[in-house]
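*Asks:* Need coordinates for the below:
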Amino acid sequence: MSQSRYDHLRQLGHEASLPASPDAAVLEKVPNPQPGSQYLVRFTCPEFTALCPITGQPDFAHLVIDYVPRDWLVESKSLKLYLGAFRNHGAFHEDCTLAVAQRLIGELAPIWLRIGGYWYPRGGMPIDVFFQSGAPPEGLWLPDQGVAPYRGRG
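*Replies:* Alright, predicted model coming up:
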């Protein structure tokens, strides 16, 4: 692939600061090098952090994002910066998890996407949030997300 296909990237290979908010984050994408192949891409973020919108206390989650690309792949450094931008963002677990899914769908228009938000306990109770954009494509190898039910996750 020619370098010019990647000239639009402003974060990968450059110094990039953590965005002030998820809305300010720029998600970059690259062309799918195998657009005719059905395959699964998985990103795991075991140290996702956001703030409780009421108390301001930190909330922690283990996110697992699976998607089947169509024309685009999300560039991983930009995804890392986007997810990091939630660190100072106040939102409930459900809102954070769905916001990530909706943003990726809006940017990439994947064939299929699912996200598992495995949140560590607040008030003694974990809140897990799951979303998928529809039924997975037929014949897709879909591994388990690999996060055990809560028993002191770690």
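
*Asks:* Would you pull up how far the longest helix along the chain lies from the middle of the chain?
*Replies:* Counting residues, the longest helix in the chain under DSSP state H turns out to be helix 93-108. Counting by CA atoms, centre = their mean, to the nearest Å, helix 93-108 is centred 7 Å from the centre of its parent chain.

*Asks:* That one packs against which elements?
*Replies:* Here helix 93-108 touches strand 41-51, strand 58-68, strand 72-74, helix 76-84, strand 112-119, strand 128-132, going by 3 or more CB pairs under 8 Å, 6 or more residues apart in numbering; DSSP states H and E. (Glycine included, C-beta is placed from N, CA and C.)

*Asks:* ok, the third one: who's next to it in the sheet?
*Replies:* Pointing back at strand 72-74 there. Partner strands for strand 72-74, per DSSP bridges, with pairing direction: strand 29-31 (antiparallel).

*Asks:* ok, and what's touching the partner strand?
*Replies:* The contact list for strand 29-31 (CB atoms under 8 Å, 6 or more residues apart in numbering) reads 1, 5-6, 9, 71-75, 107-108.

*Asks:* just how off-centre is that strand within its chain?
*Replies:* Relative to where its chain is centred, strand 29-31 has its mean C-alpha point 16 Å off (CA atoms, centre = their mean).

*Asks:* Report the rounded mean pLDDT for it.
*Replies:* Per-residue pLDDT over strand 29-31 has a mean of 93.

*Asks:* May I see the buried residues of it?
*Replies:* For strand 29-31, the neighbour count (16 or more other CB atoms under 10 Å) marks 29-30 as buried.

*Asks:* Same check on stretch 70-86?
*Replies:* So, applying 16+ other CB under 10 Å, buried residues of stretch 70-86: 72-75, 78-79, 81-86.

*Asks:* pLDDT (mean, whole number) over that stretch?
*Replies:* On average, stretch 70-86 scores 96.

*Asks:* Send me it as CSV with only the CA atoms.
*Replies:* The C-alpha coordinates for stretch 70-86 follow below in CSV (Å, rounded to 0.1, in the frame of the first residue of the first chain):
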residue,chain,number,x,y,z
ARG,A,70,-16.7,-2.9,5.7
ASP,A,71,-14.6,-0.3,4.0
TRP,A,72,-12.7,1.1,7.0
LEU,A,73,-10.7,0.1,10.0
VAL,A,74,-10.4,2.4,13.0
GLU,A,75,-6.8,3.5,13.6
SER,A,76,-5.8,2.1,17.0
LYS,A,77,-3.9,5.1,18.4
SER,A,78,-6.9,7.4,17.7
LEU,A,79,-9.2,4.8,19.4
LYS,A,80,-6.9,4.7,22.4
LEU,A,81,-7.0,8.5,22.6
TYR,A,82,-10.8,8.6,22.2
LEU,A,83,-11.3,6.0,25.0
GLY,A,84,-8.8,7.9,27.2
ALA,A,85,-10.9,11.1,26.7
PHE,A,86,-13.6,9.5,28.9
